[in-house]
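1. quick one, what's the 3D model for this:
(chains A and B)
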Amino acid sequence: MGRKSKDKRDIYYRKAKEEGWRARSAFKLLQIDEDFDIFKGVKRAVDLCAAPGSWSQVLSRRLFLAHNKRDGGGVGDGCKVRGAGSEAKGPVGDEEKEPVIVAVDLQPMAPVEGVVQIQGDITSTETATEVIRHFEGEKADLVVSDGAPDVTGLHDLDEFVQSQLILAALTIVTHVLKEGGTFIAKVFRGKNVQLLYSQLKMFFPLVTVSKPRSSRNASIEAFVVCQKYSPPAGFEPEMLRRVLEGEITSKDLDSWSDATKPKVIVPFVACGDLQGWDPDAVVLGGQSEASLAPVQPPIAPPYKRALELIKRGRD
Amino acid sequence: MDPTERRRSYLGDVTALVAYSAASGGGSRLCIGSGGVITTCHTGTLERTKVRVFGNGARVHGVAVSEEEAGGGGGRYLIAHGEQYAKVYRLDAGEELFCLARIGPLAHWIMDAVFLPRAAGSGALVRVALGLSDNSVVVVDVGEGSAETCGKFVCSRSYLLYSMKIFCSRGEGLVYAAAGTIFNSVLVWVFPLPGAGGRQDKEVISCFPRLNFVGHQGSILKLCWSGSGDMLASCSDDRTARVWSLASLKMDAAKRASKECETLEAEKVIYGHGSRLWDCLFSGDSEMLVTASEDCTCKFWLSKARKCETDTSDLVTTLCGHQGRGVWRIAAAGGYLFTAGADGAVKRWLLQHCCNPSGIATTSLPSMHVRSFQQALPPLPRGHKDPGTAGASSAPGKKEEKSAKDWVRCLKLAGVDTMYVATNQGMLYENSVRSSSWRSLFANPRRMPLLCIEVMRPRGGRGVLSDHFICAGDVNGYFTMIAVSKTCCGPWLEWKAHEKRLMGIFLGRQDEENQVFSTDVSGEVKWWIVPCKDMLDGKVKQEPALKAKMRSPFKMRILGVDFCRASMLVICGDKNGSIMAFRYHGGSTSSEEPLDLTILMQHKHNVSPVSFLRSRGNDEVVSGGGDGKLYTYKVIPSSRKEGEPGHEALCQVGIHIEKRIAAIEEQVEMGDGATYIGGFQSSDFLVWNVTENCEVIKISCGGWKRPHSLYMGEEGASFAHVRDHVIHVQQLEPRDKSAQVLHSAFSNALTPSFHGQEIHSTIIVPTRCLGKGDGAPPCLVITGAEDGYVRYSEWEPDCATAGHFKLCASGIIGECVAGAQVRSLSYSGHKEAQGAYVTAVGAKEVVMVWKIVYNSSSEEEGCLQCELISTKEPKGGLRPKMKKVSAKDQVTDLRHLAVDTFVYKVDGSTDVIFMLVSSADASVKVTALQVDRRTGSTKWHNKVCDLVNGSRNPTLSIRWKEIESLGTSVAFTGSTDGAICCWDTSMAINSFKNALAKGEDHQCIEISPLKKFQGVHASGVNSLALKVSASEGLGQLQARVVSGGDDQALHAKEVRFRVLDGSSGGVAMTSDRGAHVANSHYSALRSVWTDGTFVLSTGLDQRLNISRLFDDEKQVLRLELLSRMAVEAGETEALSAFMDEDLCYVALAGRGLSIMQVALSSRGPPKNL
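-> Okay, the predicted model is just below:
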């Protein structure tokens, strides 16, 4: 999302900066929570493809900082990154325990208070084991993923890669999510999204597609909220790929018109306050004139080097 | 009756391209994959075969053609793949395609498909290898109607892939797979060619990666093997192409046996594109690499050079000529390179031209070739040879260069081969370029330099001996006309036109009078009528008559003059980019009295010189300048311009910024409306075909400060320039001299180009409503896109290919000022066939209106004529203001979101177009455009009516309908909060009409909604469709409005109105009821259409849903889904349809345009009754 692109500098872009979020996508998770109450009773949460970390920030503020405030512990200055110190405490009841948040990404990320970072591949078993190690052998209540590939602009390819990314995230979900847990992921609602829904339905009886108000009206992006994780009987995480592939090949979509009645119906929920900010609207006046610096500067784009060379050529 | 699809076609991006030489000899052929269709095309005759590959909306991602000749038949095999499917075809000698077998759906996407040698003894016809997205390869034996897997090879690192390319090394008996992984590395792994089908081949064989090529920083979008398989090239999102060597793997047999994976860096990294790279291709000898990028260029690079990444000198040449989202696919065969991409155009380039840019001139037109000539001036005649005499006779104070040699002051091409040259010594020559023969036409008796020449071909008075006249102007202000014919020549007239230097001669109209303008160095313009009777016909020499004169207030040299007859204005452009106009009173005043200056636009071309200025058509003026911009103006007659009585205005109605040319010199319009622009780009002179978007010729001439001339005609083109005292002439002539040269020879496009960017709005109309007769293509589709263009395309059912449409014609209706994107279109026509108005709104709050009509004149009968009616720019101007604005005035991202219009015919000559427009600031307003059909003059009425108290969120969709007989108009608007408002605009419209009739001022009226339906959708109302039916006797109206929401729901509402008593036309709502389908699509709905019974809807899920709106037995309104079809146009945003009896023609647009014909029957009962 280019900073120079006027079309995209909507009200949420500004609000994110004002409230200290690293990206405006933080509002999307907050708005999903307004409708689904996803943080209730969550003690262990995983953020997949976390960088630049706006969803980790939400998890941190809503779980970790909220817990500490409730305990009267207050919020310390600076960044308190969890480490060995917290493990030194004696065994305490689940209720009093600090929530544990683990963020996984291939890329490094600036630290977020109360969030343990793992730099690793979400499809590998090692990463799953490491996550569970941080949960002290317990499984997660909530897994969220706001990951998306570098979009190419070819929508069918982007949608395919995105759905593959979610299925890859399912690898870690099947390892770390406890039965009855919740999984939230970004989807591109393109041509074959129905296939993805039916694949998710195999693991979650309750799949809802939700569009937060802060996500632009015209964008293809939406979020699947998968609740009450219950894998098929006798399922082992190693079987995942086979189970998923079976779902694809069982469907022959090569017909002039596909079924008028889809096999799975995934309800749609628009979430967030309707009276809230509208990203499609133009806000006239009323803004402070000074432009705000980004909270977290963007990660190196793939063409960074190409730009450097152009710059050097001009000097 | 279920809807049945009869035909469909797709116009848009090309996603697969392969070139091969035809089996039967005779040139190269192309196989183009666009949408779900592959087309094979003979590149010479352009004859083509179309085959639908996928019906499920999957697009063709790749095509491969087999090398070998098939047994006996002399044909080849072809495989096309897309998503999880592949289809194998036999290509017979006649290039017809016969489907052999279908493969899929596989569990993963197919990234590449190649033909492998058939195993001995196998019964299959062909063997193919499919590279899958999980880093595996399946080998399939394909026979007639059968496809059997005979081996599956899986890389031990099963990463997700963005690309794969398989190379079959027959000599080694090995297959190499190169995989571009999601981790931005290229993995190369190898497996042996599978033998004849056996049980062991059906097992899954795991292979270890041998090479890991690292260094890319972005997704690897395409890979390419060199012919020998020794090198691999990859291109990526990181704007680089990288060349990798497989030498270490191939040389070392021991390494081949080991299971270790070697990590290597690139042999060569190629930087230079301005955007991501989509495709790459090695030349036959692997010495060169061609890359295709999203920046719309193709570049040729030396593939084996020093390992120095900053060195861009490896760049051999750059090809430009595509638009939109870039060049996606390249292919080469038979000495040609073919490029295709987002704009749907396939272009052909002669490789010889691409790889050999050393010459002075290059062209990208395969049908033309360049001939270069060099001419030196002939020696001066005896009397001129003495430099002393020349120096002595020069005017006092002027320093003439004392050189025995003469030099060229100006030159003019009058044909491909005819050139006139005027010199410093006052000589005028005619030169025949090819034969290099010179003829001296004239020697200035004063031996003064000739500064300008122009060729005049009088229409009326052509004589026996003089074929045409050459007009020349000299340093002393003398205007000389020389009569020229094939055999003789001689001075005809000479007079002192100006006191100072005569710097320019411009031809006016050549009709009864032969008009010519002359300009001097200080901004004086004189308008002459010259006699052109032949020397022998008229014994008495007539004198030239001064018609008028004018003087620029800036005293700068005038570089372009023309007379605009409709408005009686002489329009001039000067050296500093200013445009001015002088009023001509029709000879009522003395010609010695300078004309009044009425219009002045200082520095319109930003202090760059105006290179040409021309009036065209009735009252349109075009100017081009050294700033690379072309402006189009309309003359607004004085009576129409408010506040300034007696003063005309030039109203700018269009800007075209030619990106390829920095300084525009010339614009040439040829038959069929093809437009060319010539000008300078740094030291090159470039001629660009604007219509086909391709380069005609590029001449490296060293810059603009030299005499030069361009000629373009139907027989070819030439460009002459002077460099180092030598005249260089480049002639473009057709390769096939026998064929008649059409303007298409100035193009390298095999298929026409289309938008190339997202289409936001579309309208399909039957051509008969525009007055087109029987036998004409039945549908006209208008599309407006992100690129700021509004285009049309005409379609008819293709008789030759069942199930397809034929694109009959396509073109541009107009271009939004400054390329502002088009968000919404509206079409409104008269009942009589007098054309229709197309209104486009979009970014920057630009509103543009065009009139379209089918030409009935015999010359261009049946051609769609498009005329710009008016442009409305935002108050703040188009460009952001440089100075700081206060926070209060700061307005970001101004844009219009939706529009609907209808036309009111005031009388025989005046139309009013009423527009209901919504903006992103949540306002909805009615404006009116008054158009005088005869003069074309327009007037905007900005304050007709404001729609207030609706939604406080922006309105995304508008439908508006006028029932003329009742004087009633009702509107429905849908906003981002999911609410639909119903409005009665009758009173405001009628009050405006009354005020207009009486010539009074109209007061803006604010109206509130009749009813606001809250929360119809959970999210934005992306689209509305409206059908209003009136039962006039009872004063009742019934409106059926269908809405498509971002929440995946389809909603239908039936609203009944009672027409109020009195003449206001107002209505009251009497009842409403609705039907709702929550999950009608798998994704957000983007567009809906209805005729009151059938409802068509489309969304981001790329489906076309056909539903039926009916009352069930309990008289409850219901929406029933009849059919769901997948369409090829990605990101489907717009839908439009019309019914022709039981056939429904549907246009669906998004990334590309899908046209469908569906049989619908309104007579049959709904299914569930």
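2. list the contacts of residue B:564.
-> By Cβ atoms under 8 Å, 6 or more residues apart in numbering or on different chains, the contact list for residue B:564 reads B:570, B:571, B:581, B:615, B:619, B:621, B:635. All C-beta spots, glycine's among them, are computed from the backbone N, C-alpha and C.
3. quickly list what the closest residue in space to residue B:616 that isn't next to it in sequence is bridged to.
-> Counting by Cβ to Cβ, 6 or more residues apart in numbering or on different chains, residue B:622 is the residue found nearest to residue B:616 once chain neighbours are left out, at 6.1 Å. For residue B:622, the beta-bridge partners are residue B:614, residue B:632 (DSSP bridges).
4. was I right about residue B:622 contacting residue B:629?
-> No: assessed by Cβ atoms under 8 Å, residue B:622 is found out of contact with residue B:629, at 11.0 Å.
5. could you give the number of residues near whatever residue of the stretch 551-700 of chain B ends up closest to chain A?
-> For the stretch 551-700 of chain B and chain A, the shortest gap (Cβ to the nearest Cβ) falls at residue B:682, measuring 15.9 Å. Counted with other Cβ atoms under 10 Å in any protein chain shown, residues neighbouring residue B:682 total 11.
6. how about residue B:378?
-> With other Cβ under 10 Å as criterion, residue B:378 counts 16.
7. strands along chain A, start to end?
-> Ranges of strands in chain A, per DSSP state E, are A:44-48, A:100-105, A:115-119, A:140-145, A:177-188, A:206-212, A:221-227, A:268-271.
8. quick check: the residue of the stretch 551-700 of chain B closest to chain A touching residue B:704?
-> No: using Cβ under 8 Å, residue B:682 is not in contact with residue B:704, being 9.9 Å away.
9. residues near residue B:1110, how many?
-> When neighbours are defined as other Cβ under 10 Å, residue B:1110 has 16 of them.
10. ramachandran angles for it?
-> For residue B:1110, the backbone dihedrals are phi -150, psi 170 (criterion: degrees, to the nearest 10).
11. list the contacts of it.
-> B:1093, B:1117, B:1118, B:1120, B:1166.
12. now the element after the one helix or strand residue B:1068 maps to, going C-ward?
-> In the assignment (DSSP states H and E), residue B:1068 maps to strand B:1067-1077. Once the chain leaves strand B:1067-1077, the next helix or strand it forms, by DSSP H and E, is strand B:1085-1090.
13. buried residues in stretch B:1065-1083?
-> Along stretch B:1065-1083, these residues count as buried under the neighbour rule (16 or more other Cβ atoms under 10 Å in any protein chain shown): B:1065-1067, B:1069, B:1072, B:1074-1077, B:1080-1083.
14. can you map out the strands along the stretch 751-900 of chain B?
-> Listed in chain order, the strands of the stretch 751-900 of chain B (DSSP state E, counting those that start in this stretch) span B:759-766, B:779-785, B:789-797, B:805-815, B:822-829, B:836-842, B:847-854, B:864-872, B:896-905.
15. need phi/psi at residue B:752.
-> Dihedral angles (degrees, to the nearest 10) for residue B:752: phi -70, psi 160.
16. tell me how far it lies from residue B:732.
-> 22 Å (Cβ to Cβ, to the nearest Å).
17. next one: residue A:211
-> 56 Å.
18. ok, now which ones touch residue 67?
-> Picked chain A for this. Per Cβ under 8 Å, 6+ apart, neighbours of residue A:67: A:98, A:99.
19. wrong one, chain B
-> B:76, B:115.
20. let me see the ranges of the strands in the stretch 1001-1150 of chain B.
-> B:1005-1007, B:1011-1013, B:1021-1031, B:1036-1045, B:1050-1059, B:1067-1077, B:1085-1090, B:1094-1099, B:1103-1111, B:1117-1126, B:1130-1140, B:1143-1159.
21. so what does the fifth one touch, helix or strand wise?
-> To tie it back to what came earlier, the one meant is strand B:1050-1059. strand B:968-975, strand B:980-984, strand B:1036-1045, strand B:1067-1077, strand B:1085-1090, strand B:1094-1099, strand B:1103-1111, strand B:1117-1126 (3 or more Cβ pairs under 8 Å, 6 or more residues apart in numbering or on different chains; DSSP states H and E).
22. report the distance from the first one to the chain centre.
-> Once both centres are worked out by Cα atoms, centre = their mean, to the nearest Å, strand B:968-975 turns out to sit 34 Å from its chain's centre.
23. tell me what angle it forms with strand B:1067-1077.
-> 40 degrees (axes from the mean of the first three to the mean of the last three Cα atoms, to 10 degrees).
24. now do the helix or strand that residue B:653 is a member of: which elements does it pack against?
-> Using DSSP H and E, residue B:653 maps to strand B:649-657. Applying 3+ Cβ pairs under 8 Å, 6+ apart, we find strand B:649-657 packed against strand B:596-601, strand B:629-636, strand B:805-815, strand B:864-872.
25. export that strand as CSV, just CAs?
-> The C-alpha trace of strand B:649-657 is given here as CSV (Å, rounded to 0.1, in the frame of the first residue of the first chain):
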residue,chain,number,x,y,z
ALA,B,649,-13.3,31.6,-25.7
LEU,B,650,-11.2,28.6,-26.6
CYS,B,651,-12.4,25.9,-24.3
GLN,B,652,-9.9,23.1,-23.8
VAL,B,653,-11.7,19.8,-24.3
GLY,B,654,-8.9,17.4,-24.3
ILE,B,655,-5.2,16.8,-23.4
HIS,B,656,-3.2,14.1,-24.8
ILE,B,657,0.2,13.7,-23.2
